[in-house]
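S.K.: could you work out the structure for the sequence below:
(one chain, ligands or ions: 1)
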Amino acid sequence: LKLAIVGFGYIGRSYVRALNRKLDLLRSIDDGFKVVGVADIEGYLYNADGLDLGRLSVITKITEYRGEKLYGGSAIELLEKGEIDLLVEATPTNVKDGEPGLTHIVKALTRGIHVVTSNKGPLVVAFRRLMELAKAKGVKLKYEATVAGAIPIFSLVEKCLRGDKIKRIYGILNGTTNYILTRMHFEGVSFQQALKEAQERGIAERDPTLDVEGVDAACKVVILANSLMGKDLKLNDVNVTGITKITPEAITLAKRAGYAIKLIASIDDRRTVAPKLVPLNHPLCVHGTLNAVRFEMDLAGELTLIGRGAGEETVSAMLNDTIDVLT
Ligand SMILES: NC(=O)c1ccc[n+]([C@@H]2O[C@H](COP(=O)([O-])OP(=O)(O)OC[C@H]3O[C@@H](n4cnc5c(N)ncnc54)[C@H](OP(=O)(O)O)[C@@H]3O)[C@@H](O)[C@H]2O)c1
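M.R.: Here you go, the predicted model:
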């Protein structure tokens with residue numbers, strides 16, 4: 001299998017390091033496994049015989065990769081000219097029109113190339129269209145990394161719970177807001193102080209609007225509902241309230257009564273993202289940047305998964321999606 005990566009930022013680079021670490025495993029599944037292309041905004045590297053993963057693992061920009069021509073064209077050119085079986089898409093999320101990832105994914109699927117993506121944008125704006133295109137072309141579109149990072153939600157439901165019906169999915173799907181609420185809960189600081197601290201520690205983006213207004217969690221609601229509950233939702237089908245108006249007083253009152261305030265995303269007959277009171281001893285009451293997802297199934301009853309919703313651990317989901325394509 002010949003793989004190309006588009007987007008060589010935090011996730012793209014972390015994924016390359018994971019491939020390098022797991023190369024023996026990957027080659028034991030497919031002895032022809034190689035990375036033939038890597039693209040970012042500067043252009044792309046392409047070598048049909050494979051790029052050196054060891055060298056790719058230690059650079060921060062593709063312009064630093066020595067001994068290979070850097071083509072000035074876009075990722076689209078790479079997808080059109082290269083001999084590629086799998087695209088790994090890791091460009092920035094854009095929830096308005098899904099670009100540039102949407103065009104990359106459509107181009108790949110149209111050409112019969114499998115796709116693994118960590119980018120939510122294209123799925124939020126065009127979930128059904130992309131899944132139908134993948135099906136028509138007989139290729140896989142895998143997106144485990146887009147919801148709750150390293151927690152294997154989609155593969156668990158699709159492989160282990162096929163006989164169950166999901167009655168409800170709810171949980172904490174945004175690590176930044178959970179970190180802020182945790183600091184407010186344990187340290188008694190204001191929302192603004194906790195946000196500033198999260199930004200200083202690199203947990204919150206410089207523009208944290210999508211996280212603190214609940215939009216990032218709403219994107220995950222859209223992907224979960226469309227993927228696992230057969231819906232065809234768009235972002236404006238989710239009722240969203242963020243955490244910006246939560247005061248230290250509200251947190252203290254909740255705490256005295258044995259609760260924490262958490263930003264809970266919920267999908268049943270209604271789709272909501274809103275701050276909710278969660279009992280301190282409830283399985284969903286996880287702290288820091290952790291994510292937690294709870295399913296209510298007709299046979300299995302309640303199941304809760306807890307894990308890293310973002311960060312380097314996310315590449316576990318992408319690597320396992322890659323292995324799914326290989327097998
Ligand atoms: N970080 C996480 O923990 C995490 C977890 C789960 C999912 N995700 C998702 O994974 C994706 C990547 O995240 P990240 O943290 O790696 O972001 P990032 O560090 O900003 O990296 C994005 C990369 O995409 C490149 N890029 C931008 N436009 C491009 C284009 N048109 N063609 C080719 N490359 C382009 C950027 O190049 P320049 O830097 O030169 O602009 C950069 O290399 C996002 O969609 C994000 O939402 C991230």
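S.K.: which residues of the chain lie near the ligand?
M.R.: Within the chain, the positions lying close to the ligand (Cβ under 6 Å from any ligand atom) are 6-12, 39-41, 75, 90-93, 100, 118-120, 145, 149, 310-311, 314. Quick note: C-beta positions are derived from backbone N, CA and C, even for glycine.
S.K.: again, only using 8 Å
M.R.: For the chain, the residues in contact with the ligand (Cβ under 8 Å from any ligand atom) are 6-14, 39-42, 61, 74-75, 89-93, 99-101, 104, 117-121, 145-146, 149, 309-312, 314.
S.K.: in helices, which of these appear?
M.R.: Cross-referencing these against helices under DSSP state H gives 10-14, 75, 101, 104, 120-121, 314.
S.K.: hang on, residue 250 packs against residue 261?
M.R.: Yes - the pair residue 250 / residue 261 is scored as a contact, 6.5 Å apart, by Cβ atoms under 8 Å.
S.K.: which one of these two is surrounded by more residues?
M.R.: residue 261 (20 against 14; other Cβ atoms under 10 Å).
S.K.: confirm that one sits in a strand?
M.R.: Yes - remark: residue 261 belongs to a strand, assigned using DSSP: H, G, I helix; E, B strand; the rest coil.
S.K.: which ones are touching it?
M.R.: 181, 184-185, 243, 246, 250-251, 254, 275-278 (Cβ atoms under 8 Å, 6 or more residues apart in numbering).
S.K.: which members of those residues are the farthest-apart pair?
M.R.: Spatial extent of the contacts of residue 261 (Cβ to Cβ) is set by the pair 184 and 276 at 14.9 Å.
S.K.: what about the helix or strand of the chain with the lowest mean pLDDT, distance to the chain center?
M.R.: The weakest-scoring helix or strand in the chain, judged by mean pLDDT, DSSP states H and E, is strand 70-71 (a mean of 92). Distance, stretch centre to chain centre, for strand 70-71: 28 Å (Cα atoms, centre = their mean, to the nearest Å).
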